[in-house]
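1. Dropping the sequence and predicted coords here.
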Amino acid sequence: MTPTQLDNLKQRWTRFSQRALLPCHERLWSAIESLHTEASRHYHTLEHVADCLARLDAWPQTRANRQLIEIAIWFHDIIYDPRRADNEESSAALLTSLIRGHHLATDAKALILCTRHKETKGMEAETILCDIDIGILGADAPTYDQYAQGIRREYHFVSEEEYCEGRSRVLENFLRRDSMYQTAHYRALYEETSRENLQRELQQLQGSLAKL
């Protein structure tokens with residue numbers, strides 16, 4: 001992220017936090033910036049946050065609470081360690097502690113937990129956030145490939161064989177779903193391209209496995 005992009009993101013945070021009446025917005029920004037720029041991150045970064053925010057901005061008119069969705073976007077990956085299976089729970093817990101007593105705290109915690117992407121039928125805000133979070137799956141091929149490479153780099157500690165097998169299972173689970181996305185809006189925009197991207201990556205992973 002360039003210095004200009006970072007400054008723009010910080011300005012957006014300041015405007016949002018003031019509008020949402022969040023306490024200690026500078027302290028909260030410090031946490032957002034420092035944790036999302038950890039050296040171990042290659043996809044779950046401030047760029048991902050900015051992409052999700054842009055997707056929210058482009059979302060059609062909805063009755064869902066956009067302020068609630070936005071705070072969840074800022075914090076849904078604030079804790080991210082690929083060695084752990086409780087990142088969403090840890091991220092939700094950190095946000096709760098940082099804005100304890102705020103009117104968005106309880107619902108934002110529940111919203112972050114939905115990004116575990118288990119197949120559940122949630123409220124409209126949950127379906128929007130989940131689809132925004134995996135909107136990258138429907139990107140053009142070069143952008144998707146860059147995303148896939150970033151995920152691999154985050155799992156650098158895993159052997160090639162283990163990674164190909166584990167990542168293949170993740171992709172296969174998505175491909176077995178009736179739809180990648182929970183909203184009609186993203187199904188129309190990205191369903192076909194997402195399946196093409198995942199099938200292509202899966203073939204590459206299987207090809208790598210065959211060579212090992």
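-> Everything's here; your move.
2. Break this structure down into its structural domains.
-> Using automatic domain parsing, the domain ranges for the chain come out as 3-118, 137-211.
3. how about those domains in CSV, adding mean neighbour count, distance to residue 129 and mean pLDDT?
-> Where you see a C-beta, it was placed from the backbone N, CA and C, and this is true even at glycine. Supplementary listing: those in CSV, determined by neighbours: other Cβ atoms under 10 Å; distance: least, Cβ to Cβ, whole Å; pLDDT from 0 to 100:
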stretch, mean neighbour count, distance to residue 129, mean pLDDT
domain 3-118, 16, 5, 95
domain 137-211, 15, 10, 97
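4. Need the ones you listed in CSV (columns: distance to residue 130).
-> Formatted as CSV, the domains of the chain follow (distance: least, Cβ to Cβ, whole Å):
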stretch, distance to residue 130
domain 3-118, 6
domain 137-211, 6
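5. Nearest residue to the residue nearest the centre of the chain in space, please, no chain neighbours.
-> By Cα atoms, centre = their mean, the chain has its centre lying nearest to residue 133, at 3.8 Å. The shortest distance from residue 133 to any non-neighbouring residue, by Cβ to Cβ, 6 or more residues apart in numbering, is to residue 115 (5.2 Å).
6. Need the three-state assignment for the one you found.
-> Secondary structure, DSSP: H, G, I helix; E, B strand; the rest coil: residue 115 is helix.
7. who's in contact with it?
-> 72, 76, 77, 88, 129, 130, 133 (Cβ atoms under 8 Å, 6 or more residues apart in numbering).
8. Output the helix or strand hosting residue 51 in PDB with nothing but the alpha carbons.
-> Here residue 51 sits within helix 46-58, counting by DSSP states H and E. Extracted in PDB, the C-alpha atoms of helix 46-58 (Å, rounded to 0.1, in the frame of the first residue of the first chain):
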ATOM      1  CA  LEU A  46      -4.800  -3.300   4.800                       C
ATOM      2  CA  GLU A  47      -5.200  -3.800   1.100                       C
ATOM      3  CA  HIS A  48      -7.800  -6.500   1.800                       C
ATOM      4  CA  VAL A  49      -9.600  -4.100   4.200                       C
ATOM      5  CA  ALA A  50      -9.600  -1.400   1.500                       C
ATOM      6  CA  ASP A  51     -10.900  -3.800  -1.100                       C
ATOM      7  CA  CYS A  52     -13.800  -4.800   1.200                       C
ATOM      8  CA  LEU A  53     -14.600  -1.200   1.900                       C
ATOM      9  CA  ALA A  54     -14.700  -0.400  -1.800                       C
ATOM     10  CA  ARG A  55     -17.000  -3.400  -2.300                       C
ATOM     11  CA  LEU A  56     -19.300  -2.100   0.500                       C
ATOM     12  CA  ASP A  57     -19.400   1.400  -1.200                       C
ATOM     13  CA  ALA A  58     -20.400  -0.200  -4.400                       C
END
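9. elements contacting the helix or strand just after it?
-> Using DSSP H and E, the helix or strand that follows helix 46-58 in sequence is helix 66-75. Applying 3 or more Cβ pairs under 8 Å, 6 or more residues apart in numbering; DSSP states H and E, we find helix 66-75 packed against helix 3-19, helix 46-58, helix 87-98, helix 105-113, helix 124-133.
10. CSV please, covering the ones you listed and showing distance to residue 148.
-> Listed next are these as CSV, based on distance: least, Cβ to Cβ, whole Å:
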stretch, distance to residue 148
helix 3-19, 22
helix 46-58, 14
helix 87-98, 19
helix 105-113, 24
helix 124-133, 16
